[in-house]
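Colleague: This is a predicted model, with the sequence first.
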Amino acid sequence: MSNSAGKYLADLEEKFRLLTEHSLAGIYVVNPAGEILYANRRLAEISGYSPTELEGRNIFQLVHPDDRERIIEQSSRKAAGLPAPRNWSCRGIRKDGSVGWLEGNSALITYEGSPALFGNFIEVTESKLAYAALQESEERLRTLIDATPDCIFFKDAGGRWLVANRAALALFELDGDDYRGQTDRELAEASGFYREVFLTCLESDRKAWEKGSLFREEETVPRPDGPPVVLDVIKVPLFFPDGSRKALVVLGRDITKSKNSESLLRQAAKLETVGTLSLSIAHEFNNILMGISGNAELAAGEPGDSPLVKKALSTILRLTRRAGTMIQRLGTFGRREKINPRPTEVTAVIDEALALHERDLKLANITVEKSYPRSVRVAADASQLEQVFVNLILNAYHALLPAGKGSISVEVGEKNREVEIRISDDGIGIPKEQLPRIFEPFFTTKTEEREEGLPGLGLGLWVSRQIVEDHGGRIEAARRPEGGTAFTLTLPRISRTPQSEAEAGPAADTRFRVLKGKKILVIDDEEDLLVIFSKYLAGHGLEVTTADNGEEGLRHARRGEFDIFLVDYVMPGLSGTALIRKLRSVAPRARIVVISGKRLPEDLAAELGGVVDDFLRKPLELLQLGERLSRLTRES
């Protein structure tokens, strides 16, 4: 070899050593068996061994036992000239026993005339740990996002879905990863049921990008198996430093319950307003009803009237009772009343309700099909029960009216000590999504004006459910498979036979004898009612004195001895609790009966218990008044 060639090789070797000894990577040369032929200074630093200790050591001893077999296999294949991965990654063991992560590559070379593996590697322990920590943090974040009930998803600048949590996937019934990379428009075309929702999302995305900052609105998502879900949606657009679009973050919170609560609060306010208004007119309205029913009752007791007149008077009495019940229900929104159920023939009450609308049903070409036994008895307030049947018949009537014809079916049956009443029609039916709400106050499907000139108020079914539940029953609504709607009422059945005369008490001509000769002072500001009370009570032998105001009544009470005071609770001037307490102090042994068309008997009992002997609500039947006065007199 010439001097120049030798000098060139020496220079080349020197440069190689300078490069390898100052390299940041560990560099090695090993024979096919793994024996180290050369190791640079960086390899010694990484392994913790000195260069001298590394010479002749098997390099595979520096590999973690769990990775050693794999690395030996790769190296053996490479040394044999077989296909093998160029790059490798494994854990290494330092001289002190600590473990670190290594990444490198190797290649087959000829070293000093023999086959050898030349390789280099770097230690990546810190980056591996950082990556593992990042993965763990990402997993925790993913778990947290998936666990939250809120819908969370991310879209790229083009509106393509990137990631969505479980709540979002469940809401739109998306499976697996099929949604990834798709736009809302593509999802809309693929999903018929949610098509409109995805298109709405597309529009709200546009608004968010245009605004360039947090955008918020409510979106409604229909459900195939129930009522729709209302979402409070927040969309946050993200931008690159140059202002170009980066991604869109979308969050949706289910606020259906809170929206329902808001609706209930609004309904409660409406109910309170209706209750307040109805209470303000209840007193006057009930006085009018009392005047009508009282005169009808007095007329019905007169001999010589024709059957037609008797029937008309009976109808007036029945309708005034129903009107009184209705005004009582309006005045007690939001609270439940105690009822005094009596054995009642259900079929008779149904027939009366149908008779009220017989003419309207005929004019609308609506037929009525009845299927029920002759006699089925329940414990009920007949006038309240009639109101339920009237409401349901009216509902069916309005459902059939647009078609100009149709049929209403009324079926009554008995099952397991219960009476089941089913009133159905073959009309247009109630939409499935509205069924869960039809018993809510102020909810109505009758948005168009009816022939009465008013839309539905949404109170009929709500009142009906209250009445049925007050009677210990249930009411349900369902769509009929063949079309139309069916309402089913279930009420407790009673099987008692009609009372005998002995059970019912003394006959009408003898039960009031105890009142004969008793002195009664009637105090009421309604002149018509004073006349009615006077005629009725005098007819049963009482000595009646009347006063049309509290001051005059108190003067009468101080001048004479009375056995009974019949006092209207609400009057101009001296009235109410003040008048009643003064009467009690004047006549401690007299019986005091309070009547009111405004205050509830249970309220008065709580306020005046121990001072008043009985409470009656207007409008009341004169027969009821006579029975209560007789009972009080017998007890004294």
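Modeller: Cool, got the structure.
Colleague: Who are the contact partners of Arg628?
Modeller: By CB atoms under 8 Å, 6 or more residues apart in numbering, Arg628 lies in contact with 593, 614, 616. Backbone N, C-alpha and C define where each C-beta goes, glycine included.
Colleague: can you list contacts of stretch 225-240?
Modeller: Contacts of stretch 225-240 (CB under 8 Å, 6+ apart): 151, 171, 204-205, 208-209, 211-223, 245-256, 259, 433, 436-437.
Colleague: Go again with 6 Å.
Modeller: With contact meaning CB atoms under 6 Å, 6 or more residues apart in numbering, stretch 225-240 is reached by 208-209, 214-222, 246-256, 259, 436.
Colleague: Quick one: mean pLDDT for it?
Modeller: With pLDDT averaged residue by residue, stretch 225-240 scores 89.
Colleague: what does stretch 295-305 give?
Modeller: The model assigns stretch 295-305 a mean pLDDT of 73.
Colleague: sorry, back to before: and the contacts of Arg628, which is closest to Gly159?
Modeller: Nearest to Gly159 among the contacts of Arg628, counting by CB to CB, is Leu616 at 71.6 Å.
Colleague: That closest one - that's part of a strand, no?
Modeller: Yes. Counting by DSSP: H, G, I helix; E, B strand; the rest coil, Leu616 is found in a strand.
Colleague: Just the ones of the contacts of stretch 225-240 in helices?
Modeller: Per DSSP state H, helices hold the following members of these: 208-209, 256, 259.
Colleague: Please enumerate the helices of the stretch 351-500 of the chain.
Modeller: Along the stretch 351-500 of the chain, the segments classed as helices by DSSP state H, counting those that start in this stretch run 358-363, 382-400, 460-470.
Colleague: so which of those helices gets nearest Gly100?
Modeller: Using CB to CB, the helices of the stretch 351-500 of the chain put helix 460-470 closest to Gly100, at 74.3 Å.
Colleague: three-state assignment of Arg634?
Modeller: For Arg634, the assignment made with three-state DSSP gives helix.
Colleague: Let me have the helices of the stretch 351-500 of the chain in a markdown table, adding mean pLDDT and mean neighbour count as columns.
Modeller: Formatted as a markdown table, those follow (pLDDT from 0 to 100; neighbours: other CB atoms under 10 Å):
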| stretch | mean pLDDT | mean neighbour count |
| --- | --- | --- |
| helix 358-363 | 88 | 12 |
| helix 382-400 | 87 | 23 |
| helix 460-470 | 86 | 21 |
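Colleague: who wins for proximity to Gln74 among those helices?
Modeller: helix 460-470 (77.8 Å).
Colleague: now, which of the contacts of Arg628 sits nearest Gln466?
Modeller: Leu616 (22.6 Å).
Colleague: Can you flag which of the contacts of stretch 225-240 belong to strands?
Modeller: Using DSSP state E, 215-222, 246-254 are the members of those that sit in strands.
Colleague: Show the buried residues in the residues you listed.
Modeller: 215, 221, 248, 250-254 (16 or more other CB atoms under 10 Å).
Colleague: Take these and write them to CSV, including pLDDT.
Modeller: Output for those, formatted as CSV (pLDDT from 0 to 100):
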residue, pLDDT
Phe215, 94
Val221, 88
Leu248, 94
Val250, 92
Leu251, 92
Gly252, 91
Arg253, 91
Asp254, 89
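Colleague: I figured Ala25 hits Gly119, correct?
Modeller: No. Using CB atoms under 6 Å, Ala25 makes no contact with Gly119, being 9.5 Å away.
Colleague: Please say which of those two ends up with more neighbours.
Modeller: Gly119 (22 against 16; other CB atoms under 10 Å).
Colleague: can you pull the contacts of that one?
Modeller: Counting by CB under 6 Å, 6+ apart, Gly119 touches 28, 104, 106.
Colleague: Out of those, which is nearest to Asp563?
Modeller: Distances from Asp563 to those, taken by CB to CB, are shortest for Gly104, at 116.6 Å.
Colleague: hang on, the earlier thing: would you format the buried ones among the ones in strands among the contacts of stretch 225-240 as a markdown table with distance to Pro373 included?
Modeller: As requested, those are exported to a markdown table (distance: CB to CB, whole Å):
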| residue | distance to Pro373 |
| --- | --- |
| Phe215 | 64 |
| Val221 | 49 |
| Leu248 | 67 |
| Val250 | 61 |
| Leu251 | 60 |
| Gly252 | 55 |
| Arg253 | 55 |
| Asp254 | 49 |
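Colleague: Quick check: the farthest pair among these?
Modeller: Comparing every pair within those by CB to CB identifies Leu248 and Asp254 as the most remote, at 20.3 Å.
Colleague: Lowest-scoring secondary structure element of this protein by mean pLDDT?
Modeller: In the chain, the helix or strand scored least confidently by mean pLDDT, DSSP states H and E is helix 501-504, which has a mean of 39.
Colleague: Show me which parts of whichever strand or helix holds Glu203 are buried, residue by residue.
Modeller: Here Glu203 sits within helix 195-211, counting by DSSP states H and E. Neighbour-count burial for helix 195-211 flags 197-198, 200-201, 204-205, 208-209 (criterion: 16+ other CB under 10 Å).
Colleague: got it, and stretch 103-123?
Modeller: Judged by neighbour count using 16+ other CB under 10 Å, the buried positions of stretch 103-123 are 104, 106, 116-121, 123.
Colleague: Show the end-to-end separation of that stretch, please.
Modeller: 7 Å (CA to CA, to the nearest Å).
Colleague: Give the closest residue to His471 in space, chain neighbours not counted.
Modeller: Ala380 (5.4 Å; CB to CB, 6 or more residues apart in numbering).
Colleague: partners of that neighbour in the sheet?
Modeller: Arg342 (DSSP bridges).
Colleague: From Lys211, how far out is it?
Modeller: 61 Å (CB to CB, to the nearest Å).
Colleague: Check Asn165 too.
Modeller: Distance from Asn165 to Lys211, by CB to CB: 24 Å.
Colleague: Also Gly484?
Modeller: 48 Å.
Colleague: Any stretches of the stretch 501-636 of the chain with poor pLDDT?
Modeller: 501-510, 598-606 (pLDDT under 70).
Colleague: Would you map the strands across it?
Modeller: Counting by DSSP state E, counting those that start in this stretch, the stretch 501-636 of the chain has strands at residues 519-523, 543-547, 564-568, 591-596, 614-617.
Colleague: Please tabulate these in JSON lines, including the columns mean neighbour count and distance to Leu537.
Modeller: Shown next, in JSON lines, are those (neighbours: other CB atoms under 10 Å; distance: least, CB to CB, whole Å):
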{"stretch": "strand 519-523", "mean neighbour count": "23", "distance to Leu537": "6"}
{"stretch": "strand 543-547", "mean neighbour count": "18", "distance to Leu537": "5"}
{"stretch": "strand 564-568", "mean neighbour count": "25", "distance to Leu537": "8"}
{"stretch": "strand 591-596", "mean neighbour count": "22", "distance to Leu537": "12"}
{"stretch": "strand 614-617", "mean neighbour count": "19", "distance to Leu537": "14"}
